[in-house]
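> have a look; sequence and predicted model below, questions after that.
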Amino acid sequence: MKRILLLVFLCSVSLWADAQALLGTTGLLHAPTADMQRDKTFLFGGNYLNTHPLSTHFRSREVGYTFNYYINITMFPWLEVSYICTLVHADHGSAYFPEQSWGKFTNQDRAFSARLRLWKEGWWKEWTPKIVVGANDPSTNDVLGDPNKDDYGFTGTSSVGNGHWNRYYIVATKHFGVKNVGELGMHFGYVYNKRLDYHRNGPVAGVNFQFALPATSFWMKAVNGLNVIAEYDSYSVNCGIGYNFWKDYISGVVTQCKYPSAGMVFRIHLK
């Protein structure tokens, strides 16, 4: 009975250490990292999202949440791509959605993301970090801008274009082992965009600690894999806890102390 209760608890607050499930990419919670999935890893999952930290495009007068789902594949050890769909709620009285859609999640925003590893941890010296550059929703920020204003293109500030997840970033990650306790990860980077509805432009930083205690008892084994996360994503401070279970094939996420979100992800190793 104790084991069953523990499993239920872990399922309710679980998160894997190296997967940014809320955005469908590898990372912390909302902040990116330079960690990469294992070569030929396929992910698919979905989330319940509080809309407060998202683009204003997804906010509603009637509900404070939305949902998304995604697929993700690490094609090579240095390249990861993903495709994510986020649902949009049609409020009553909307001038955009037809009346039969009011009060429902009736539309979805589609976005692509990519991450490229430039430098592997410890390549030159043992202390050197790994480095990754990436982009979320990289092209659709430019499509619908007004050419008579400075609101489109890579440096634009448009809230008109449909790149509602748009951001570019560079990030470095370094891990430090703590003998018989676990591993500390430190992550620093810079996120860039000038959108008005999802302004992410500034430094990001985060830490996470993954427990790896000696597996001398059931409870010691249960603690192993517990991951504690804190971050600043250039917009807000977030925290979360999690757990890897069932050989990391199924994981979940609970994050945002003030504005909680949750989800579940499935992982398949194709190699």
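The structure has been received and is ready for your questions. Small disclaimer: the values here were computed from a predicted structure and weren't measured.

> going along the chain, name the strands of this protein.
41-50, 65-76, 79-90, 104-119, 130-136, 167-178, 182-192, 202-211, 227-232, 237-242, 250-255, 261-269 (DSSP state E).

> rebuild those as TSV, extending it with distance to residue 57 and mean pLDDT.
(Each C-beta comes from the backbone N, C-alpha and C, glycine too.) Putting the strands of the chain into TSV (distance: least, CB to CB, whole Å; pLDDT from 0 to 100) gives the following:
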stretch	distance to residue 57	mean pLDDT
strand 41-50	13	90
strand 65-76	10	94
strand 79-90	7	96
strand 104-119	7	94
strand 130-136	14	96
strand 167-178	14	96
strand 182-192	18	96
strand 202-211	21	94
strand 227-232	23	90
strand 237-242	20	83
strand 250-255	21	60
strand 261-269	17	83
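
> dump the ones you listed to JSON lines, plus mean neighbour count and distance to residue 96.
As requested, those are arranged in JSON lines below (neighbours: other CB atoms under 10 Å; distance: least, CB to CB, whole Å):
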{"stretch": "strand 41-50", "mean neighbour count": "20", "distance to residue 96": "21"}
{"stretch": "strand 65-76", "mean neighbour count": "19", "distance to residue 96": "16"}
{"stretch": "strand 79-90", "mean neighbour count": "20", "distance to residue 96": "8"}
{"stretch": "strand 104-119", "mean neighbour count": "17", "distance to residue 96": "9"}
{"stretch": "strand 130-136", "mean neighbour count": "21", "distance to residue 96": "24"}
{"stretch": "strand 167-178", "mean neighbour count": "18", "distance to residue 96": "25"}
{"stretch": "strand 182-192", "mean neighbour count": "19", "distance to residue 96": "29"}
{"stretch": "strand 202-211", "mean neighbour count": "19", "distance to residue 96": "32"}
{"stretch": "strand 227-232", "mean neighbour count": "20", "distance to residue 96": "34"}
{"stretch": "strand 237-242", "mean neighbour count": "19", "distance to residue 96": "31"}
{"stretch": "strand 250-255", "mean neighbour count": "22", "distance to residue 96": "30"}
{"stretch": "strand 261-269", "mean neighbour count": "18", "distance to residue 96": "25"}
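
> any chance of CSV for those strands, columns distance to residue 28?
Below are the strands of the chain laid out as CSV (distance: least, CB to CB, whole Å):
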stretch, distance to residue 28
strand 41-50, 15
strand 65-76, 16
strand 79-90, 15
strand 104-119, 13
strand 130-136, 13
strand 167-178, 10
strand 182-192, 7
strand 202-211, 5
strand 227-232, 5
strand 237-242, 8
strand 250-255, 9
strand 261-269, 13
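
> right, I'll call it a day here.
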